[in-house]
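Novice: The sequence isn't on hand, but the structure is:
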C-alpha cells in the first residue's frame, strides 16, 4: 500500500524525520505539504518586520521550466483572508498563464470566480504557494491563457516553445 509517508521516505532516500510528540494529523499535514511543493519553493522575507510582504522562489523540478528559478512577490492585504493576496511574478518568463510583465492567471487568486475555484476565506497561503508551484506542472494551462502569444506558440511548435522557454530561463531565471 502506498502512503504519503512511504512516498516521502522514497523521495528522501529512505530517511524520515518525525518530531517527537507530533500528533498523527500534524505529521500527515506536513507530509502532504512537503509532497505538494517537493522542496521546490522557498519563502524569503526582505523585511522581517513586514511578514505580510514576502517573496517566493519556485524552482520546478520537472517540465518545461525545470532548470529555472522564478521569483514571486506576495502582498497579504489587511482584509486577508476575506480577499486573496496580491501576487506578481518578478522574473521575466515565457508562460501561457503569466505575462512578461508579471501578471498571473491563477483561479484561486481571483476574488470572484464563476467556476467556484476562486478565492474563499477558507483558503490559506499554503494554497497560494501550491498554486504558484503547480503553474509550472499540473496547472499549466494552454487552453485558457493570459499570455495568448505563448499559448499559440506552443500550439504551433512545441519544440520552438521549449527552446524559447529555455532561452528565457538562461537570461532571466538563474
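Specialist: Sure, I can see it. Predicted model, so just to flag it, every value in this text is computed and none were measured.

Novice: Relative to residue 77, how far out is residue 135?
Specialist: Here residue 135 is placed at a distance of 21 Å from residue 77 (CB to CB, to the nearest Å). Placement of C-beta: from N, CA and C, glycine included.

Novice: Neighbour count for these two, which is higher?
Specialist: residue 135 (24 against 12; other CB atoms under 10 Å).

Novice: Could you find the closest non-adjacent residue to the more buried one?
Specialist: Using CB to CB, 6 or more residues apart in numbering and skipping the chain neighbours, the partner closest in space to residue 135 is residue 97 (5.7 Å).

Novice: can you pull the contacts of that neighbour?
Specialist: 104-106, 135, 139-141, 145-147 (CB atoms under 8 Å, 6 or more residues apart in numbering).

Novice: Can you check those residues and name whichever has the most neighbours?
Specialist: residue 135 (24 neighbours).

Novice: Run through the residues that contact that one.
Specialist: 95, 97-98, 104, 106.

Novice: Make JSON lines out of these and add pLDDT, secondary structure and distance to residue 39.
Specialist: Output for the contacts of residue 135, formatted as JSON lines (pLDDT from 0 to 100; DSSP: H, G, I helix; E, B strand; the rest coil; distance: CB to CB, whole Å):
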{"residue": "95", "pLDDT": "98", "secondary structure": "strand", "distance to residue 39": "21"}
{"residue": "97", "pLDDT": "97", "secondary structure": "coil", "distance to residue 39": "23"}
{"residue": "98", "pLDDT": "98", "secondary structure": "strand", "distance to residue 39": "22"}
{"residue": "104", "pLDDT": "97", "secondary structure": "strand", "distance to residue 39": "22"}
{"residue": "106", "pLDDT": "93", "secondary structure": "coil", "distance to residue 39": "21"}
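
Novice: sorry, back to before: spatially, which two of the contacts of residue 97 are the most separated?
Specialist: Farthest pair in those (CB to CB) is 139 and 147. Separation: 14.4 Å.

Novice: and residue 115, how many neighbours?
Specialist: Residue 115 sits with 7 neighbouring residues when counted by other CB under 10 Å.

Novice: gap between it and residue 156?
Specialist: Separation of residue 115 from residue 156 (CB to CB): 28 Å.

Novice: thinking again about what came up before, which residue in the contacts of residue 97 has the weakest pLDDT?
Specialist: On pLDDT alone, residue 139 ranks lowest of the contacts of residue 97, at 89.
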